[in-house]
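Q: can't give you the sequence, but here's the structure:
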Ligand code: SF4
Ligand code: SF4
């Protein structure tokens, strides 16, 4: 399994932010509000389709555990939150990061990162 980079590109492609498992976790909501963000990049990216190919990796990112997203990345890992309802649907299958890395599992927030 490749290492899944904790990167701006992957965070932007991650579908955790509107996943019902994440959305219904009061623990995650609390964690995210503590660091003052609901999305790692808010709306500051504008319409930017023309971001170029080089800049992303060097931009400063929030601490991996602060974003409560991209749980498939080994740098992020499973959430510390224990109120995740895994009876609800996981958004991972079909996510661009999931496809690019050939992943075949899901619920990384609960089960831990891709291995
Ligand atoms: S595979 Fe899942 S955890 Fe990983 S980036 Fe996509 S939606 Fe997020
Ligand atoms: S890993 Fe899957 S279940 Fe967990 S928050 Fe992301 S999309 Fe939802």
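A: The structure has been received and is ready for your questions. The model shown is predicted, which means the values in this text are computed figures rather than measured ones. Ligands and ions are numbered 1, 2, ... in the order given.
Q: can you list the residues of the protein near ligand 2?
A: Counting by Cβ under 6 Å from any ligand atom, the chain comes close to ligand 2 at 15-16, 19, 21-22, 71, 90-92, 106-109. Quick note: C-beta positions are derived from backbone N, CA and C, even for glycine.
Q: how much space between the nearest residue to residue 13 once chain neighbours are set aside and ligand 2?
A: Spatial nearest neighbour of residue 13, excluding adjacent residues (Cβ to Cβ, 6 or more residues apart in numbering): residue 96 at 4.0 Å. Residue 96 sits at a distance of 13 Å from ligand 2 (criterion: Cβ to the nearest ligand atom, to the nearest Å).
Q: Return the per-residue confidence for residue 96.
A: Looking at residue 96, its pLDDT stands at 98.
Q: what's the answer for residue 49, then?
A: 36.
Q: coming back round to it: I'd like the residues of the chain next to ligand 2 written out as a markdown table, with distance to residue 60 and neighbour count added.
A: As requested, these are exported to a markdown table (distance: Cβ to Cβ, whole Å; neighbours: other Cβ atoms under 10 Å):
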| residue | distance to residue 60 | neighbour count |
| --- | --- | --- |
| 15 | 23 | 18 |
| 16 | 20 | 25 |
| 19 | 25 | 22 |
| 21 | 28 | 23 |
| 22 | 23 | 24 |
| 71 | 21 | 27 |
| 90 | 29 | 23 |
| 91 | 26 | 18 |
| 92 | 26 | 23 |
| 106 | 29 | 21 |
| 107 | 29 | 18 |
| 108 | 24 | 24 |
| 109 | 24 | 27 |
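Q: In helices only, show me these.
A: Judged by DSSP state H, the subset of the residues of the chain next to ligand 2 located in helices is 21-22, 108-109.
Q: and of the residues you listed, the nearest to residue 34?
A: Checking those against residue 34 with Cβ to Cβ, the nearest one is residue 22 at 15.4 Å.
Q: May I ask you to confirm that that closest one is in contact with residue 16?
A: Yes. The pair residue 22 / residue 16 is scored as a contact, 5.2 Å apart, by Cβ atoms under 8 Å.
Q: Perfect, I'm done here.
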